[in-house]
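**Q** Based on what follows, work out the 3D shape:
(2 chains)
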There are 2 protein chains.
Amino acid sequence: MGGTERDRRVLVASNRGPVSFTRGDDGRLTAKRGGGGMVSGLAQLAEKEDMLWVCAALSDGDRQAARSADDGMIASGAEPGDSAVKMLDIPQSVFQRAYNAVANSTLWFVHHMLYDTPNRPSFGPGFQREWEAFRAYNEAFAVALAQAAGHEGGVVRAVIQDYHLCLAPRMLSKLAPHVQIAHFSHTPWAPPDYYRLLPDEVRREVLAGILGADHAGFLSERWADAFLDCCEAFLDCEVDRERGLVRYDGHVASIGVHPLGVDADQLRERAAEQDVRIRMAELAERVGGCKLIVRVDRTELSKNIVRGLEAYRELLRSRPEWHGRVMQLALAYPSRHDLPEYREYTAAVQRLARQIEDEFAVPGWDPLILQVHDDYARSLAALRLADVLLVNPIRDGMNLVAKEGPILSDHGCAVVLSTEAGAVAELGGQALLVNPFDVSQTAQALHEALAMDPGERARRSAALAAAAGAMPPARWFADQLDALER
Amino acid sequence: MGGTERDRRVLVASNRGPVSFTRGDDGRLTAKRGGGGMVSGLAQLAEKEDMLWVCAALSDGDRQAARSADDGMIASGAEPGDSAVKMLDIPQSVFQRAYNAVANSTLWFVHHMLYDTPNRPSFGPGFQREWEAFRAYNEAFAVALAQAAGHEGGVVRAVIQDYHLCLAPRMLSKLAPHVQIAHFSHTPWAPPDYYRLLPDEVRREVLAGILGADHAGFLSERWADAFLDCCEAFLDCEVDRERGLVRYDGHVASIGVHPLGVDADQLRERAAEQDVRIRMAELAERVGGCKLIVRVDRTELSKNIVRGLEAYRELLRSRPEWHGRVMQLALAYPSRHDLPEYREYTAAVQRLARQIEDEFAVPGWDPLILQVHDDYARSLAALRLADVLLVNPIRDGMNLVAKEGPILSDHGCAVVLSTEAGAVAELGGQALLVNPFDVSQTAQALHEALAMDPGERARRSAALAAAAGAMPPARWFADQLDALER
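**A** Predicted coordinates:
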């Protein structure tokens, strides 16, 4: 840990860490820093604080790195300011059950209200094993954090990320009572009538797990309120909504809203690089004189890509004046393809895209380009060129694409935004809002967005960009540390 | 209308009426009185009040009867005390869209939270036509009720039933302001986060439609509260929760809870008839010395028959001591087979039943009898013989089977009851409660119910029967009329 002061330690915990390792043909490991906004935001803080990031080893390379490092400690050191990293080599069978079966197929589905309820979920003996694994996975993080916190005096703060690690705060508070603990939920939170789907014990453990933290953060008031509704419905606790406090099991947790935004300068810098400019030129040639609707998503059940395409089809059917004058570029990157629902959903997206091509394409005009291979530079290029950005999730913790679009847009883009995205709290005033289940309304909003006067579009886009950049990751993180001080 | 007093008229409106007609080979119509508790409950009132029942013509015979009757008025007259009936001959295309597409595939799905949300619903131009039909269907009822109410003085009360007719109260209030209007919801009510799936305009029209009534009734506090939550979230109205009042558009509606129960005497009488006794003898022979678990449901997506069978399978797997000592009789009657989801669900039920047979049946012991053909007398026989009644809906307005079981049971039955049924408000104290998504918990509850000491079982069953008979249909209906007076 070198020369940094030990009396201001910050521990970060998340499933995915800031670095990943791949093993080359020669058997040597290469480190690659993750691209997300949180990673670069925290890098700024790591320069000032004594920071350790605890994460799971995900790839074979990660596991090898974790095993060969002393006590799993890796000085990622790829760039100045990178934090130290501790990778947990959690047994594969435990990890799969905890990550796929519980986190991504259960908690994610509950918070995003994705279940086909007559048929799923069904909590039988298999789930009991999975839940045990989820406990063990959370316990591994709690133990690692407690070890890293040590027993000396001084202030140690641990900031635990997301639904994967919802049990860890309480576990850590038992192991290391002197650590100040924050938890942050990047997902929506389910209303009580949907949260009830979970087995009774799971309901209580998840809520109690998060309330083991001193501060529990959410992306919007709506999700924080839903969390409090669930606390009231399912735990024997006292909720003080006025002050945002929950007293449970002799401990008080504060509840806060920290609407994660985008580091605008950094994003614009990245989008000015050569690889992005090359893709812009390629795209501009394909688009020609058409107006461009862009969407950028992982192919995630909550992202609502199929209904987005249905809305585009309805636009083309009901308003033929747009034929030959509009294109949609749908960037739908692979996600969670180990879950069958996701493979089926990707197939449905591709099927509908082909139908739209069949129905409308003519020589010289492709109404729709669907790209399913990840290419970050192309995403940035698309966002720079977009006239209209379509963000229509059925439910979304925040949706950062809705914030990145206006920041990157070269001439200002109109944003068609779902009321069910957390981002609506900040962007709602200037975006065109749609009910994501209402295809006709979405088609109408696309028409209005395309037809919007350029002056109004630029004004709205600038206001959206300002709102989107209001809380960049570094400030968002610092805010949570501040909340721990109070 | 004969000699009854015109100053105390009661109008009832529901999709399905108290009588239906079939056309014989000779072309003549035969009237058959409906079997539901509401019909016989209202018959008692019809003896005292000047009552007219407005309903839709459903069968070809109904349509013929409606057309040949003077202004659609039919004196059903099958039994003394039957009310006069007016059948509405609504055009087939309007009826299909209103009843199947909107009422049963949309409103029912929303209130029971049945959608596979990544894929359904999708509100496009087709839905707009369907919604127009739903308005027309409701308007036809409102017009018929207004005509029946007439313009004379005196008190006219209209009691409008269920989600099919949620728009009619407001329509009727415009057409005939002197009529006192009650609406009753027999379904659950969705929480705001799920009700939001509906198109914006539909959300508001449904809430405003019901609030056009002077009194809006629900089966439990939970559904009434959810209705008020939706009013607050989606309408510009004032909600007074203390007094149960909503002021909207210059009009105040009172909100009430009327937990429909069973007419115990009448039900026991029916279950003592010859046809029931014959089936009891047949069943008793098949069951032999086994303990008998019974379930009786329409094969409705909300009834959760598949998970119920999964729980039974888990019981047999985890507790082999029950092999040869328990049987389940699952009566799962056809429902809504014009909707593909329902046909698929029925197939899933049958598939799982065969798997259970394959896994466990041995010569001399059938662990499971699944019957999919409707036979009311057999249902009553099964309820009389049941040791355990399984009622595990994922969401249910009330569930009258849970109330009928303890009333009919010959030696007292233990009830395994979903927390998501409205009946839990009255039966929760004596039933064994389960989370309907938790198959393991349901299996455990079945075991406890089977193993319950006969004395305790009889005590609990008697208490359940008393609660179940507390508000028979006649009192339930009179309660709503009383609420209109206040």
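
**Q** Nearest to chain B within chain A, name that residue for me.
**A** residue A:116 (3.5 Å; Cβ to the nearest Cβ). C-beta: built from backbone N, CA, C; applies to glycine.

**Q** and the gap between that residue and residue B:295?
**A** 22 Å (Cβ to Cβ, to the nearest Å).

**Q** neighbour-wise, which of these two wins?
**A** Neighbours per residue, other Cβ atoms under 10 Å in any protein chain shown: of residue A:116 and residue B:295, the larger number sits with residue B:295, 26 against 18.

**Q** hey, what's the more buried one bridged with?
**A** Counting by DSSP bridges, residue B:295 is bridged to residue B:330.

**Q** secondary structure element for the spatially most central residue of chain A?
**A** Taking Cα atoms, centre = their mean, the centroid of chain A lies closest to residue A:186, which sits 5.9 Å from it. Secondary structure assignment for residue A:186, by DSSP states H and E: no helix or strand.

**Q** Correct me if wrong: it contacts residue A:399.
**A** No. Counting by Cβ atoms under 8 Å, residue A:186 stays clear of residue A:399, with 11.0 Å between them.

**Q** residues in contact with the residue nearest to the centre of chain A?
**A** The contact partners of residue A:186, by Cβ atoms under 8 Å, 6 or more residues apart in numbering or on different chains, come to A:161-163, A:219, A:260, A:397-398.

**Q** Dump those into JSON lines; add pLDDT as well.
**A** Formatted as JSON lines, the contacts of residue A:186 follow (pLDDT from 0 to 100):
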{"residue": "A:161", "pLDDT": "95"}
{"residue": "A:162", "pLDDT": "95"}
{"residue": "A:163", "pLDDT": "97"}
{"residue": "A:219", "pLDDT": "98"}
{"residue": "A:260", "pLDDT": "96"}
{"residue": "A:397", "pLDDT": "97"}
{"residue": "A:398", "pLDDT": "97"}
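
**Q** between the residues you listed, which has the most around it?
**A** Ranked by neighbour count (other Cβ under 10 Å), the contacts of residue A:186 have residue A:219 at the top, with 26 neighbours.

**Q** give the contact list for that one.
**A** Residue A:219 sits next to A:185-186, A:188, A:257-260, A:397-398, A:422 when contact means Cβ under 8 Å, 6+ apart.

**Q** ok, now residue A:348?
**A** Contact analysis of residue A:348 by Cβ under 8 Å, 6+ apart lists A:306, B:119.

**Q** for it, helix, strand, or coil?
**A** The three-state label given to residue A:348 by DSSP: H, G, I helix; E, B strand; the rest coil is helix.

**Q** Could you do residue A:156 as well?
**A** strand.

**Q** residues in the stretch 201-350 of chain A within reach of chain B, list them.
**A** Residues of the stretch 201-350 of chain A that fall close to chain B, judged by Cβ under 8 Å from any Cβ of the partner chain: A:226, A:301-302, A:304, A:306-307, A:310, A:314, A:318, A:341, A:345, A:348.

**Q** Separate out the buried members of those.
**A** Buried subset of these (neighbour count, 16 or more other Cβ atoms under 10 Å in any protein chain shown): A:226, A:301-302, A:304, A:306-307, A:310, A:314, A:341, A:345, A:348.

**Q** Let's test this: mean pLDDT of the host helix or strand of residue A:43, rounded?
**A** Secondary-structure assignment from DSSP H and E places residue A:43 in helix A:37-46. The average of the pLDDT scores along helix A:37-46 is 71.

**Q** Tell me which other helices or strands that helix touches.
**A** Taking 3 or more Cβ pairs under 8 Å, 6 or more residues apart in numbering or on different chains; DSSP states H and E as contact, the helices and strands that helix A:37-46 lies on are strand A:50-56, helix A:473-485.
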